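1. Dropping the sequence and predicted coords here.
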Amino acid sequence: SGPASNDGSRVAALRVPGGATISRKKIDKYTKYVSIYGAKGLAYIKLNEDGPASPILKFLGDDVTAKVIEMTGAQTGDIIFFGADKTKIVNEALGNLREQLAKDLDLFESEWAPIWVVDFPMFDANDDGSLSAIHHPFTAPSVDAKTLEKTADTALSRAYDLVINGSEVGGGSIRIHQVEMQQTVLKLLGISDDEAKDKFGFLLDALEYGCPPHGGMAFGLDRLVMIMTGSDSIREVIAFPKTQTAACLLTDAPAGVPRKVLRELSIKVSLPEKD
């Protein structure tokens, strides 16, 4: 029993060929790394010459350990990492760990690997059971409005991303062009009729008068340039990148604002008193 045995949870394994040489210090670093994505730990099994080695072997037992090794196809000299939690946490933690391991072990190939990612879920479930849009609230679903109301948790959207060598370089979607569908999506997101009218009344009115099916896509040219130049960070191809603390070295922003400017804009700043 545990978090992985609940609905919406999973156990996943990541086999790293030749990874048994990864030090405990490095594993601790990876454990800290996956915590960024919500993981509460990082279990592992090393397949050494003298057999499996891991702090979790006493909990798994010989039969389960052998089954895990068989299912992953692991060989002597490999390491198997595990994630057990809510599906989203496991996917993000092990997915990012996989990419980090590939960088550290120099496993990336130099060839171009473009791919279209489609069939995104329409919604993501929050911890409180409410829904949020995976792309944005104006992305068209792959079903009609009535079906969407009944299958919101499994419905797919008509969104698409272009990914090259693991980095998203563009994305877009076919948009909603029917007012009934737009109202349904907003209701599923917990937006009341009054709030929808207040925030998106102009859009709903436009859809009432008729709107043709349409879609679009936006490219991240800086990300594309990063890939084409073989740079490790997008900051290396931006003319004046911000620092890690969001400071601009060119303009020295953020900086103080003259009181005269604040008065002209009717802005009052109330800062907490210093200790």
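-> Great, that's in hand.
2. CA only for contacts and neighbour counts going forward, please
-> OK.
3. Would you mind measuring from the nearest residue to residue 119 once chain neighbours are set aside to residue 258?
-> Nearest residue to residue 119, sequence neighbours excluded (CA to CA, 6 or more residues apart in numbering): residue 156, at 5.7 Å. The gap separating residue 156 from residue 258 is 50 Å, by CA to CA, to the nearest Å.
4. Who has more neighbours out of these two?
-> Higher neighbour count among residue 156 and residue 258: residue 156, with 20 against 8, using other CA atoms under 10 Å.
5. who does the more buried one bridge with?
-> Beta bridges link residue 156 to residue 121 when assigned by DSSP bridges.
6. mind listing what it touches?
-> Applying CA atoms under 8 Å, 6 or more residues apart in numbering to residue 156 gives the contacts 119, 120, 121, 122, 141, 142, 143.
7. just residue 26 next, same as before
-> With CA under 8 Å, 6+ apart as the criterion, no residue contacts residue 26.
8. How is it assigned, secondary-structure-wise?
-> helix (DSSP: H, G, I helix; E, B strand; the rest coil).
9. I'd like to know how far it sits from residue 19.
-> Residue 26 is 11 Å from residue 19, by CA to CA.
10. now do residue 246
-> Residue 246 is 36 Å from residue 19, by CA to CA.
11. tell me the domain ranges of this protein?
-> What automatic domain parsing lists as the domains of the chain is 3-104, 112-275.
12. Can you select the buried ones from the contacts of residue 156 in PyMOL?
-> Filtering the contacts of residue 156 down to the buried ones (16 or more other CA atoms under 10 Å) takes a single PyMOL command:
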select buried, resi 120+121+122+141+142+143
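13. Max pairwise distance over the contacts of residue 156: which two?
-> Across these, no pair lies farther apart than 120 and 143, at 13.1 Å, counting by CA to CA.
14. Let me have the domains of the chain in JSON lines, adding mean pLDDT as columns.
-> Converted to JSON lines, these look like this (pLDDT from 0 to 100):
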{"stretch": "domain 3-104", "mean pLDDT": "92"}
{"stretch": "domain 112-275", "mean pLDDT": "92"}
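15. ok, residues contacting the helix of greatest length in the chain?
-> For the chain, the helix that runs over the most residues, judged by DSSP state H, is helix 87-104. Helix 87-104 is contacted from outside by 8-12, 14, 30, 33-39, 82-84, 108, using CA under 8 Å, 6+ apart.
16. what do you get for stretch 203-218?
-> Here stretch 203-218 has contacts from 170-179, 182-183, 197, using CA under 8 Å, 6+ apart.
17. Mind checking which of the contacts of helix 87-104 are in helices?
-> Residues of the contacts of helix 87-104 located in helices (DSSP H): 30, 33, 34, 35.
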